[in-house]
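**Student:** my questions concern the predicted model and sequence given below.
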Amino acid sequence: MSCDGDTLDCSACHGAGFTGLHECPRKMVNSEIFEGVRSALRAKVYNIWPVSGGSQDQSRAFMQLFDIVSDEVNRVEAEEMKKNRASS
């Protein structure tokens, strides 16, 4: 639910259009929404679509492993970029 930031009496954002997070966003969404976000990310970044012939034909364990490895690769790449910027 959103007020688009145009409602000053909004109890969530008070008209700012956003709120700060004080806990992990994963705690704020259910597993179906989280999996939908993961599916969208897989499609956008890795071209793995949630359709027959794509991620729907893979086991849940494989897709979980794929996500773990992808996250770790992204973390290592981010660390390397940070090191390279610091040494430049």
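**Tutor:** Sure thing, it's come through.

**Student:** show me where this protein has its strands.
**Tutor:** Counting by DSSP state E, one finds no strands in the chain.

**Student:** which intervals of it have sub-threshold pLDDT?
**Tutor:** When the per-residue scores of the chain are filtered using pLDDT under 70, the ranges that remain are 1-2, 4-5.

**Student:** how about a cut-off of 50?
**Tutor:** Under the criterion pLDDT under 50, the flagged ranges of the chain are 1.

**Student:** output the longest helix belonging to it.
**Tutor:** With residue count as the measure and DSSP state H as the assignment, the chain has helix 60-87 as its longest helix.

**Student:** give the buried residues for that one.
**Tutor:** Neighbour-count burial for helix 60-87, with 16 or more other Cβ atoms under 10 Å as criterion, is recorded at Met63, Phe66, Ser70. C-beta: built from backbone N, CA, C; applies to glycine.

**Student:** do stretch 26-45 as well
**Tutor:** Neighbour-count burial for stretch 26-45 flags Arg38, Ser39, Arg42 (criterion: 16+ other Cβ under 10 Å).

**Student:** before we move on, what about stretch 7-14?
**Tutor:** Of the residues in stretch 7-14, those buried (16+ other Cβ under 10 Å) are Cys10, Cys13.

**Student:** quick one: it to chain centroid distance?
**Tutor:** Distance, stretch centre to chain centre, for stretch 7-14: 26 Å (Cα atoms, centre = their mean, to the nearest Å).

**Student:** among the buried residues of stretch 26-45, which ones are in helices?
**Tutor:** Among the buried residues of stretch 26-45, the members that lie in helices (by DSSP H) are Arg38, Ser39, Arg42.
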